[in-house]
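**Q** Predicted model and sequence follow; I will ask about them next.
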Amino acid sequence: MADSKPSLFGRSVRLLGSRRLPAEVRTALALDAGERPISHARTSEGDYVVATTHALHLPGGLRLPWHLTDKAVWDEEGVTVTMTDGRAHRVTLPEPGALPETVRERVTASIVASRHVALDARGGVRLVARRVPGYDTPRWEFVFDPGLDASDPGLRALAEQALEEMRRSLGV
């Protein structure tokens, strides 16, 4: 009976150890000062996706900061992460573990304020203020409705005016 306890204990340690981020993966991450891993999962190719306090780190050294992440859509095969500039990144994750919850919490926590404002009959813009690690003031961005030209000077002026009104109403 005494032999079974160490065996069970040893197995428990191995199981817990397998859930930890391998040291070589952690060392290879380009982490900012104060940034730390929160959760991770292995891709179908055996690489790691790591969620940290500041970003989602994808295989190949790609770093997706939370304040630049628009959305993450999960399905049975993995996740597609869309950035605020429209770029999308797809990763296959057979067992995502806690990553979906971590990604949702981190993206949501980066948003200070978000409001959609109609600009004209064609559509509007979402004004979004996000927390950026290392900065005291939020970063504002314009997310124009599909079909609107974000480079149109008239629309940009209307969006800037809407932003000033929103900042005044929020006191920021």
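**A** Yep, that arrived.
**Q** what's the burial count for the closest residue in space to residue 137 that isn't next to it in sequence?
**A** Nearest non-adjacent residue to residue 137, counting by Cβ to Cβ, 6 or more residues apart in numbering: residue 172, 8.0 Å away. Every C-beta, even on glycine, is put in place using the N, C-alpha and C of the backbone. Neighbour count of residue 172, defined by other Cβ atoms under 10 Å: 12.
**Q** Would you mind confirming that residue 172 is in contact with residue 127?
**A** No - if you go by Cβ atoms under 8 Å, residue 172 and residue 127 don't touch, sitting 11.3 Å apart.
**Q** Common neighbours of those two, please.
**A** Residues touching both residue 172 and residue 127 (Cβ atoms under 8 Å, 6 or more residues apart in numbering) are residue 113.
**Q** Looking at this protein, which strand is longest?
**A** strand 111-120 (DSSP state E).
**Q** Quick one: list the elements packing against that one.
**A** On a contact count with 3 or more Cβ pairs under 8 Å, 6 or more residues apart in numbering; DSSP states H and E, strand 111-120 meets strand 123-130, helix 153-170.
**Q** quick one: strands adjacent to it?
**A** Partners of strand 111-120 in the sheet, by DSSP bridges, are strand 123-130 (antiparallel).
**Q** contacting residues around the partner strand?
**A** Applying Cβ under 8 Å, 6+ apart, the contact partners of strand 123-130 are 66-67, 84, 110-119, 138-148, 155, 158-159, 162-163, 166, 172.
**Q** at 7 Å what do you get?
**A** 67, 110-119, 138-145, 147-148, 159, 162-163, 166, 172 (Cβ atoms under 7 Å, 6 or more residues apart in numbering).
**Q** tell me which helix or strand of the protein sits lowest on mean pLDDT?
**A** Sorted by mean pLDDT, DSSP states H and E, the helices and strands of the chain end with helix 4-18, the least confident at a mean of 37.
**Q** report the angle between the axes of the longest strand of the chain and helix 153-170?
**A** 130 degrees (axes from the mean of the first three to the mean of the last three Cα atoms, to 10 degrees).
**Q** So what's the residue count around residue 113?
**A** For residue 113, the count of nearby residues is 15 (other Cβ under 10 Å).
**Q** That one is in contact with residue 171, isn't it?
**A** No - applying Cβ atoms under 7 Å as the test, residue 113 and residue 171 come out as separate, 10.7 Å apart.
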